[in-house]
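Asks: With the input below, show me the fold.
(2 chains)
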Amino acid sequence: MSTYVYGIIRAAHSPLGQDTDGIGDPPRPVRVLTRGELAAIVSDAPEELRPKRRDLLAHQRVLDEAAAGGVVLPMRFGSTSPDDDTVIRVLAERAEDFLERLRALDGKAEYNIKANHDEEAVLGLIMAGHDEIRSMAKANREAGGGTQEQKIRLGEMISAAVQAREATDAELLRQALEPMAEEVSAGPPSTGWLANLSFLVDRSSAELFLTRVREFRQEHPHLELRINGPLPPYSFVDTPSQQGEGGTSEAFGAAAAQPNG
Amino acid sequence: MTMATQQGGGGGSSGLYDVLELVLDRGLVIDAFVRVSLVGIEILKIDIRVVVASVDTYLRFAEACNRLDLEAGPRKPAGLTELTGQLTESGARGKTKGALSGAAETISSAFQQAREEGREHQGDRRRGE
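Replies: Down below sits the predicted model:
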């Protein structure tokens, strides 16, 4: 029976709720494996594990609950160990790394912010700010909409202006909120957002951070912001040298060779 | 506005769509553990790249631009205050319309479909079937 791993906590972490449901159907009960100062939140792994929505939800819910009781290192979804003993061995072998990260993340939470343009508002801004686009749009309209080619040319110019604006706005957002955060991590690109940023925020300054977000919203009404948090620090479990696409597991091994990260 | 402040258990699924990619793409990876295959997710990402750079997007921009011009006129960005009002009312699902949000809509409905499948008979994440 293989073991599904949700996250790593301190052994002294507050106990999880009695009825914490894990992944699977029926949900596998969550349990804790302890080794020295560390513990892993685990459950039995279902026979067939796929990224199903209910399981993603369960993974997130278990970690949310754990994070409410203390600092947690969230595992990426789908991490499965051959058995409990392997989990315990990993806790022993990587104890220094895990403890260092737990210390670094203690009392902090991740806030993820995704930003998009409100289309009409941003088009309004672009029309107001680009004479060339405005006059071309006028010419097209007067010609009853213009030819297909003219429309495409106009659309292409607008598209370029929108993209430039996306880059500017993403940077604005980052600059506005970075001072309130301990760390910033850009989320995976190409998911349909102009900015997808995660901020590591000390819980004591969370209110300040959220206030700044509200102010930013008012200052930039052409931006739609979606904020989620406090979350387990998914984007901050790696030390800086380990961040980057793909190479996380190798990097993890490399970092283990460094005495104090 | 999505201002999810889930703490402890019992947090609803609101905003979960927004954090799915963190659960899937971030978090600790340990080489001694096996990771589940995420083939379906990769396909969703490729789709989005195609949507954003298409001629179709240009045409939609051009049309949206024409519409905008007819309604408000180029000199006054008066429509903005009105839009602010709309913004504060947009719910957790957000507004999905027009060329800019097209990609988000695609992925959103895919997840929506997956959610429904998951709820009823634990179907796999699929799209376009």
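Asks: can you list the weak-confidence ranges in the stretch 151-261 of chain A?
Replies: A:188-191, A:239-261 (pLDDT under 70).
Asks: Can you name the residue of it nearest chain B?
Replies: The stretch 151-261 of chain A approaches chain B most closely through residue A:155 (2.8 Å), counting by Cβ to the nearest Cβ. C-beta coordinates here come from the backbone N, C-alpha and C atoms, glycine included.
Asks: tell me the contacts of the closest residue to that residue other than its chain neighbours?
Replies: Leaving out its chain neighbours, the residue that sits closest to residue A:155 by Cβ to Cβ, 6 or more residues apart in numbering or on different chains is residue B:58, at 2.8 Å. Residue B:58 makes contact with A:151-152, A:154-156, A:158-159, according to Cβ atoms under 8 Å, 6 or more residues apart in numbering or on different chains.
Asks: can you tell me which of those residues are in helices?
Replies: Cross-referencing the contacts of residue B:58 against helices under DSSP state H gives A:151-152, A:154-156, A:158-159.
Asks: Include neighbour count when you put those into a markdown table, please.
Replies: As requested, the ones in helices among the contacts of residue B:58 are exported to a markdown table (neighbours: other Cβ atoms under 10 Å in any protein chain shown):
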| residue | neighbour count |
| --- | --- |
| A:151 | 21 |
| A:152 | 18 |
| A:154 | 24 |
| A:155 | 22 |
| A:156 | 16 |
| A:158 | 26 |
| A:159 | 21 |
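Asks: Residue A:19: what secondary structure?
Replies: Assigned by DSSP: H, G, I helix; E, B strand; the rest coil, the conformation of residue A:19 is coil.
Asks: Could you pull out the buried residues of stretch A:31-43?
Replies: For stretch A:31-43, burial by neighbour count (16 or more other Cβ atoms under 10 Å in any protein chain shown) applies to A:32-33, A:35, A:38-43.
Asks: I'd say residue A:213 and residue A:113 touch.
Replies: Yes - between residue A:213 and residue A:113 there is a contact under Cβ atoms under 8 Å: 7.0 Å.
Asks: which residues do those two both contact?
Replies: A:177, A:225, A:227.
Asks: check which helix or strand covers the closest residue to the last one other than its chain neighbours.
Replies: Using Cβ to Cβ, 6+ apart and skipping the chain neighbours, the partner closest in space to residue A:227 is residue A:113 (5.0 Å). Secondary structure here is read from DSSP states H and E; on that basis residue A:113 sits in strand A:108-117.
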